[in-house]
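> Quick one, fold the following:
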Amino acid sequence: QVQLVESGGGLVQAGGSLRLSCAASGRTFSTNVMGWFRQAPGKEREVVAAISWSGGSTYYADSVKGRFTISRDNAKNTVYLQMNSLKPEDTAVYYCASARRIWVGVPSSTDFGFWGQGTQVTVSS
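Numbering: from 1, shown residues only. From the prediction side, this is the model:
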């Protein structure tokens with residue numbers, strides 16, 4: 001079992017930055033794939049970024065490439081999402097998630113078995 005707790009969300013102006021953190025508990029964190037998803041009002045949950053257990057493989061949605069960076073510190077059982085050049089369309093609840101196996105193609109929410117409670121990110125124009 002893995003328990004996940006997100007932090008770092010908030011209100012920021014367009015062009016600003018935020019760093020989300022996800023603290024995990026559980027012995028298998030270092031071997032799990034980690035991902036960030038988001039869900040805006042009236043929209044489906046979508047993948048933002050994912051990272052393999054070693055950090056050697058990453059995935060980014062096209063909409064965030066070049067602006068967001070996912071990273072992990074296995075010694076601290078924490079995964080991060082650095083978000084720069086934020087846009088109003090980035091406004092959503094951001095969720096941290098954990099999976100036992102690496103993704104194939106595009107990471108899907110159905111691949112991830114453990115989820116955090118979410119943190120709100122609001123970008124004002």
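> okay, CA-based contacts and neighbour counts for the rest of this
Noted.
> Could you check the pLDDT of the residue lying closest to Ser108 once chain neighbours are set aside?
Among residues not flanking Ser108 along the chain, Val47 sits closest, at 6.9 Å (CA to CA, 6 or more residues apart in numbering). pLDDT recorded at Val47 is 98.
> got it, and Arg27?
Here, the pLDDT recorded for Arg27 equals 69.
> Report the contact partners of the nearest residue to Gly15 once chain neighbours are set aside.
Among residues not flanking Gly15 along the chain, Ser85 sits closest, at 4.2 Å (CA to CA, 6+ apart). Ser85 is in contact with Ala14, Gly15, Gly16, Ser17, Arg67, counting by CA atoms under 8 Å, 6 or more residues apart in numbering.
> that older thread, doesn't the residue nearest to Ser108 belong to a helix?
No. Per DSSP: H, G, I helix; E, B strand; the rest coil, Val47 lies outside any helix segment and is strand.
> and the residue nearest the centre of the chain, how far is that from Arg45?
By CA atoms, centre = their mean, the chain has its centre lying nearest to Trp36, at 1.9 Å. From Trp36 across to Arg45, the span is 10 Å (CA to CA, to the nearest Å).
> now do Gln1
Taking CA to CA as the measure, Gln1 falls 23 Å from Arg45.
> Comparing the two, which shows the higher neighbour count?
Counted by other CA atoms under 10 Å, Gln1 and Arg45 do not tie: Arg45 has more neighbours, with 17 against 11.
> give me phi/psi at the more buried one?
When quoted as degrees, to the nearest 10, the phi and psi of Arg45 stand at phi -70, psi 140.
> For it, which residues are in contact?
Going by CA under 8 Å, 6+ apart, Arg45 touches Phe37, Arg38, Gln39, Ser109.
> again, 10 Å this time
Contacts here follow CA atoms under 10 Å, 6 or more residues apart in numbering; on that basis Arg45 touches Phe37, Arg38, Gln39, Ala92, Val93, Tyr94, Tyr95, Ser108, Ser109.
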